[in-house]
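In: Structure for the following, please:
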Amino acid sequence: MTSKLFSISCNSSDETTAQLLKHISQKGYKVCTISKSLTDVKDVNLITIEIEIEGLYVDIFINEIQAIDGILDVSVSFGAVLQVATYQMKFDSESFKTLDILRSHNTQIINIEADKLLVLHVASEKDIKLLYNKLDNSSLLGFSQIPLAIVQQLPWGKLI
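Out: Sure thing, here's the model as predicted:
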C-alpha cells in the first residue's frame, strides 16, 4: 500500500476538520502527515493530508469526503515527486490578473509586505513550470524550487 497526498479545500470550521479526521479513522486509513493552513480566500482552509490507501479506493474516498459538510474541493497526487516553489511577486494596482492566475493554480499567499507578495506552490514539477511560464514577466522578482521530500535513502552507515 502506498501513501497518497490529498489537498482538501474546506470551510475554516474546526467541525469540518473533525468530521474529516473521524471519517479517515473510521475507515482505518493510516495518516502519515497532515497540515492545515489558511488560504487567501476568507473562511477557506487548505488541509494537506498524506494517508496510506490503495489506489483502487482513492475515487471512493474522494467521493465520501466530498459528501462531508464544509468540504469544497479535493485533489490527489499520485506518485509524482512533489516540489515546493516560492515566487516573490511585485504587487500593485495592475496585479489583479496575476492574482487570478495564482488562484487557478492552487497557490497560497504566505506573506504580503509593502508592494511584494510571497507565494507558495506545492505541485509537480510540470505544474510549477506551467505557472512559472505564466508569471515570467516584470512582476516576478524571485523564484526558488526544491523537492518536498528526499526520494533516496540517506547513507547513514557511511556517516558513522
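In: Can you point out the buried residues in the host helix or strand of Leu20?
Out: Mapping Leu20 onto the secondary structure by DSSP states H and E places it in helix 14-27. When burial is assessed from 16 or more other CB atoms under 10 Å, helix 14-27 yields the following buried residues: 16-17, 19-20, 23-24. Quick note: C-beta positions are derived from backbone N, CA and C, even for glycine.
In: Can I get those residues in TSV including distance to Phe91 and pLDDT?
Out: Converted to TSV, those look like this (distance: CB to CB, whole Å; pLDDT from 0 to 100):
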residue	distance to Phe91	pLDDT
Thr16	31	91
Thr17	31	89
Gln19	36	94
Leu20	33	93
His23	39	94
Ile24	37	93
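In: Between those residues, which sits nearest Leu118?
Out: Thr17 (25.5 Å; CB to CB).
In: which residues touch that closest one?
Out: Residues in contact with Thr17 (CB atoms under 8 Å, 6 or more residues apart in numbering) are 10, 36, 45, 47.
In: Neighbour-wise, which one of the residues you listed leads?
Out: Cys10 (24 neighbours; other CB atoms under 10 Å).
In: On the three-state scheme, it is what?
Out: Secondary structure for Cys10, judged by DSSP: H, G, I helix; E, B strand; the rest coil, is strand.
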